[in-house]
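# Model the following, please.
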Amino acid sequence: MTAGDSPGQRRTQQQRRDSTIASLVDAAIDVLAEVGYARASVQQIVDRAGLSQGALFRHFATRLDLFAHVAQVVARRQIEQFRRELGFGESVDSPQFARDFRTILQTVRRITRSRTNMVWLELMFHARTDADLRTRMAVLTGEYLTAMEDLIQAIPEAQAFPPDMRRPLLEFIIGYFAGETIGRQVLPDLAGDERQLDLLAAIAVVLSAQQ
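Numbering: from 1, shown residues only. Now for the predicted structure:
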C-alpha cells in the first residue's frame, strides 16, 4: 500500500502510474518556471516531486521526453483556460458575450503572462538552438495553433473578421503577447500595457470593418 492509499482502497497500477506522471509534470513545470530550461535538472524535478530518478526514467526515457510531455500538458491546460475564460460553449445570447475586443485581448494577455504559459515560452525559446527539442515543439506548436483556431472560430466575436484573416490574426496576437510577456518580465510598464491594448483593440475594429 502506498502513502496515498487508505485501508481497503488500493489504487490500480494505472492510477499509480498516472499519479506519478502528474507529480513529475507539476514538479517539472515548477522547476522550469523558477530556474529555466538550461538549469532544470532531473534531480531537481524528482526532489520536488518526492520521487526517485528511477521513477522518472520508468516513464520517460530521457529528460527531453519528459519536457516534451510537459509541453503537451501545458498546451492542453492553456487551451482549457482559454475555453473557460473566453466563454466557449456558452450561448451567443449570454451576457458573457457582451464584450468588446479590448476585453478579449486583455484576457488573452493575462493568460499569456501566466506561469503556465511562461513554461511554454521557455521551451519555445530553447527550441531555437536545441534541434531535438525544436523537432518536438514544432509538432506541438502546430497542434496548439490548430486547437486555438478551432476555439476562436467557435467564439461569436471572431465572426466579425473575414474567414481568411482569422488564422493570421490569431498568430499575430499570440506572437505579439508572447514577445511582450518576455519584455515585461524585465521592464514592467503598466501605462504602456494600457496604451498597447488600446492600439490592438483599434486595429481589431478596423479589421472587423472589412468583413
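
# what about the protein, any weak spots by pLDDT?
Residue ranges of the chain with pLDDT under 70: 1-9, 87-99, 211.

# so where does the residue nearest the centre of it fall, helix or strand?
Geometric centre of the chain, nearest residue: Gln78, 3.7 Å, by Cα atoms, centre = their mean. Taking DSSP states H and E as the definition, Gln78 sits inside helix 63-85.

# List of residues touching that helix?
Identification of contacts with helix 63-85 by Cβ atoms under 8 Å, 6 or more residues apart in numbering yields 21, 24-25, 28-29, 32, 37, 40, 42, 45, 56, 60, 88-89, 107-108, 111, 114, 116-117, 119-120, 123, 132-133, 136-137, 140, 143-144, 147-148, 151. Heads up, the C-betas are built off the backbone N, CA and C, glycines and all.

# for Val205, what are its contacts?
Listed by Cβ under 8 Å, 6+ apart, the contact set of Val205 reads Phe101.

# Quickly find the element holding it.
Using DSSP H and E, Val205 falls in helix 190-208.

# Next, Thr129: secondary structure please.
Counting by DSSP: H, G, I helix; E, B strand; the rest coil, the backbone at Thr129 sits in coil.

# rewinding a little: please pick the buried ones from the contacts of helix 63-85.
Among these, those classed as buried by 16 or more other Cβ atoms under 10 Å are 21, 24-25, 28-29, 32, 37, 40, 42, 45, 56, 60, 107-108, 111, 114, 116-117, 119-120, 123, 133, 136-137, 140, 144, 147-148, 151.
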